[in-house]
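Participant: Okay, sequence plus prediction incoming.
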Amino acid sequence: ASAVFDLGGGKVFTYAGSWCADGFRTSWEGSWRVVAERGSLLWDGHDGLKAEVVASGRDGIIDKTHSIEVPALDPADRVGGHLGIIQDFMRAIETGTEPETRGADNIKSLAMVFGAIESAETGRRVAIPTQEG
C-alpha cells in the first residue's frame with residue numbers, strides 16, 4: 001500500500017508499507033524516515049536512531065551530508081513494547097491522567113485509511129476532516 005498525505009504548510013507524509021513483505025523484516029513499528037529541510041532521521045523501530053545533516057558543498061547534484069550523534073533515549077523514560085503501554089494505561093487509571101496512547105487517536109489514523117481507499121477508488125485527492133480537541 002502507498003499513500004501520500006498533504007498535511008498543509010509544506011508538510012507531506014508519504015506512507016509505503018506491506019503487512020507481509022518478504023525479507024528485511026522490521027520491528028512491529030516498521031522503519032521510519034523523516035526528511036526535513038536540513039537533513040534526515042532514520043529510526044528502525046528499536047534502538048537504532050541515525051541522523052544526517054546537510055553540509056556545505058555537493059557531490060555532483062547531491063548535497064553533501066554528515067552524520068550527527070543522536071542522544072540516547074533515557075531508558076528510565078518509559079518501558080517499551082506492550083508492557084510499557086499497559087503500565088502507562090494503569091498509571092492513567094490510577095492518577096486520572098491521559099495515557100500517551102489513546103484509542104481516540106486511532107480514529108484519526110482510520111480516517112486516513114478510509115480517505116486513502118476513497119482516493120484509490122475515485123482517482124482523486126480526498127480531504128480528510130480533522131477534529132481538534
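Facilitator: Cool, got the structure. Here the structure is a predicted model, which is why all the values come from computation and not from measurement.
Participant: SS state for F5?
Facilitator: strand (DSSP: H, G, I helix; E, B strand; the rest coil).
Participant: Excluding chain neighbours, what is closest to it?
Facilitator: In this structure, F5 finds its nearest non-sequential neighbour in F13, 4.3 Å apart by C-beta to C-beta, 6 or more residues apart in numbering. Placement of C-beta: from N, CA and C, glycine included.
Participant: Measure how buried that neighbour is and give me the count.
Facilitator: Using other C-beta atoms under 10 Å, F13 has 11 neighbouring residues.
Participant: My read is that it contacts W32, right?
Facilitator: No - in this structure, F13 is not within contact of W32 by C-beta atoms under 8 Å, at 11.0 Å.
Participant: ok, back up a step: so the residue nearest to F5: helix, strand or coil?
Facilitator: From three-state DSSP, the assignment for F13 is strand.
Participant: Quick check, pLDDT for it.
Facilitator: F13 carries a pLDDT value of 90.
Participant: Tell me how far it lies from L7.
Facilitator: Here the criterion is C-beta to C-beta, to the nearest Å. By it, F13 lies 6 Å from L7.
Participant: any idea how far P71 is from the residue nearest to Y15 when sequence neighbours are not counted?
Facilitator: Spatial nearest neighbour of Y15, chain neighbours left out: A3 (4.7 Å); criterion: C-beta to C-beta, 6+ apart. A3 sits 32 Å away from P71, going by C-beta to C-beta.
Participant: neighbour count winner among the two?
Facilitator: A3 (16 against 6).
Participant: correct me, but the more buried one touches A116?
Facilitator: Yes - between A3 and A116 there is a contact under C-beta under 8 Å: 4.2 Å.
Participant: Which strand or helix spans A55?
Facilitator: Per DSSP states H and E, A55 falls inside strand 49-59.
Participant: what do you get for Q131?
Facilitator: Short version, using DSSP H and E: Q131 is in no helix or strand.
Participant: Quick one: neighbours of it, just the number.
Facilitator: Neighbour tally, Q131, other C-beta under 10 Å: 8.
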